[in-house]
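1. Take this sequence and fold it.
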Amino acid sequence: MKSVCLKREADGTYKPAYTELPPLQPHRGHVIVEVKACGLSPVDVKVLSSLHDGAETLPVGYEVAGVVKDVGQEVTSLQVGDSVIGLLSLASSCSGCAEECEMSELAVVPKPESVGFIVAAGSLQPALWAYTAVHYLGNVTAGNTVLICDGATANGTVAIQLAQLWGAKVIATASNHEEAEYLEKMKPPPACIINLSKTRSFVENCLAETGGLGADCIIDQGVDLFQSGERYSEIVLTALSHEVGTVTGERRRITKHDAISALAVGGKWITSMSQLQLDPPDSQFLSMKSASVSFVFEHAWMLSARQHGKYMHILEDLADKLNKDILKPMIHHTVSLLDACSELSTLSSHLTGKVVMKI
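-> Numbering: from 1, shown residues only. Okay, the predicted model is just below:
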């Protein structure tokens, strides 16, 4: 059985590699899924290594769509031949980027017949991220104004659609003309698109669009910690170096001060910046606005058994919305299993849409 993993090199770094494994046998309550497609995302090696106690090889690929090949004891809701979708836990020893993987019966839902394997796999991680940020952390409802940064990415596209579906007014940022053009073609498009490559003052544009009140919820996929021209601190550079598939080249995005300044009173700032540094003046500014900061880490649902019900709610609602063509994820392109290793090192350069491995 062919699989892709991250293999530790002599210098301690991890790099994508192919491996041959014996056929998998299902444990109690688990099924073997013949992988038809797997969404690819940048990998945080530091987190993975800590979960796997610094193992020589680490699994890669978690967003799986496939067909049940074998079932273990006490599996009652699935049978061989069922088409399913689901996400592997970061703590799983299996790679989803493989010919087959083992998944818990309780971690998958049926794939709608009208939805292809590629679209299903490509929507899993963006949807889990978007539901976590927009619904569970942002509590976005009708009448709210939501600012979604990097709206043309796979995560941003789904977050925009969910916020619009729940009645919110959406402001989205774009890093360049191509991203802005993509956002303009969405149906419906965001109420306001702020092209960061053209505007001189993001905060002024955001406040003008909200009548001076600011956004009720700001959702980012990373922010700059300092103003343009200032250098990253050593801790941020170190954090970025732990991510496989993350290009650290220049990219226009808002700063942490921009986010705080654009927040409304009582607003919620939902950030993906795990190494966020808030100075005392930042905290005081947030406090004076009675605002809050939350961190979105979509894999937390699979790492905590107590939150399993929320994870299953997201999967079931996603499957329903895909079946009804309510959610339309953006697929950038597909690659074969043989090309997956080289693809993992360039994932973040594809700014619009999701890359999917197909078999």
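
2. can we go C-alpha only for contacts and neighbour counts from here?
-> Fine.

3. for stretch 70-87, how far is the first residue from the last?
-> 18 Å (Cα to Cα, to the nearest Å).

4. and that stretch, average pLDDT?
-> For stretch 70-87, mean pLDDT is 96.

5. wait, what's in contact with the residue lying closest to Q73 once chain neighbours are set aside?
-> The shortest distance from Q73 to any non-neighbouring residue, by Cα to Cα, 6 or more residues apart in numbering, is to R28 (4.7 Å). R28 is in contact with 72-75, counting by Cα atoms under 8 Å, 6 or more residues apart in numbering.

6. If you rank those residues by neighbours, which is first?
-> G72 (18 neighbours; other Cα atoms under 10 Å).

7. wait, what's in contact with that one?
-> 25-31 are the contacts of G72 under Cα under 8 Å, 6+ apart.

8. Pull out the buried members of those.
-> 26-27, 30-31 (16 or more other Cα atoms under 10 Å).

9. Now the two most distant members of these.
-> With Cα to Cα as the measure, no two of the buried ones among the contacts of G72 lie farther apart than H27 and V31, at 7.5 Å.

10. Spatially nearest residue to K354 (excluding sequence neighbours)?
-> I331 (4.6 Å).

11. ok, back up a step: wasn't the residue nearest to Q73 part of a helix?
-> No: assessed with DSSP: H, G, I helix; E, B strand; the rest coil, R28 is coil; it does not lie in a helix.

12. Tabulate the contacts of G72 (TSV), appending pLDDT.
-> Shown next, in TSV, are these (pLDDT from 0 to 100):
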residue	pLDDT
Q25	94
P26	95
H27	95
R28	95
G29	94
H30	96
V31	97
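
13. Quick check: of the residues you listed, which lies closest to S3?
-> Using Cα to Cα, the contacts of G72 come closest to S3 at Q25, 15.3 Å.

14. Relative to L106, how far out is that closest one?
-> The value you get for Q25 to L106, if Cα to Cα is used, is 17 Å.

15. likewise Q307?
-> Q307 is 12 Å from L106, by Cα to Cα.

16. related to what we said a few turns ago, phi, psi for the residue nearest to K354 please.
-> phi -100, psi 120 (degrees, to the nearest 10).

17. pLDDT at it, what is it?
-> Value listed for I331 in the pLDDT field: 93.

18. on that earlier part again, closest one of the contacts of R28 to N144?
-> Of those, the one sitting nearest to N144 (Cα to Cα) turns out to be V75, at 43.0 Å.

19. Could you list which residues are in contact with that closest one?
-> 28-31, 105.

20. Would you mind giving the residues you listed as TSV with distance to S95 added?
-> Putting the contacts of V75 into TSV (distance: Cα to Cα, whole Å) gives the following:
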residue	distance to S95
R28	19
G29	19
H30	15
V31	14
E105	17
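
21. Can you show me the helices along the protein?
-> 45-51, 117-130, 154-165, 177-184, 202-209, 234-241, 256-262, 280-288, 300-303, 308-323, 340-344 (DSSP state H).

22. Of all these, which one comes closest to A65?
-> helix 117-130 (5.2 Å).
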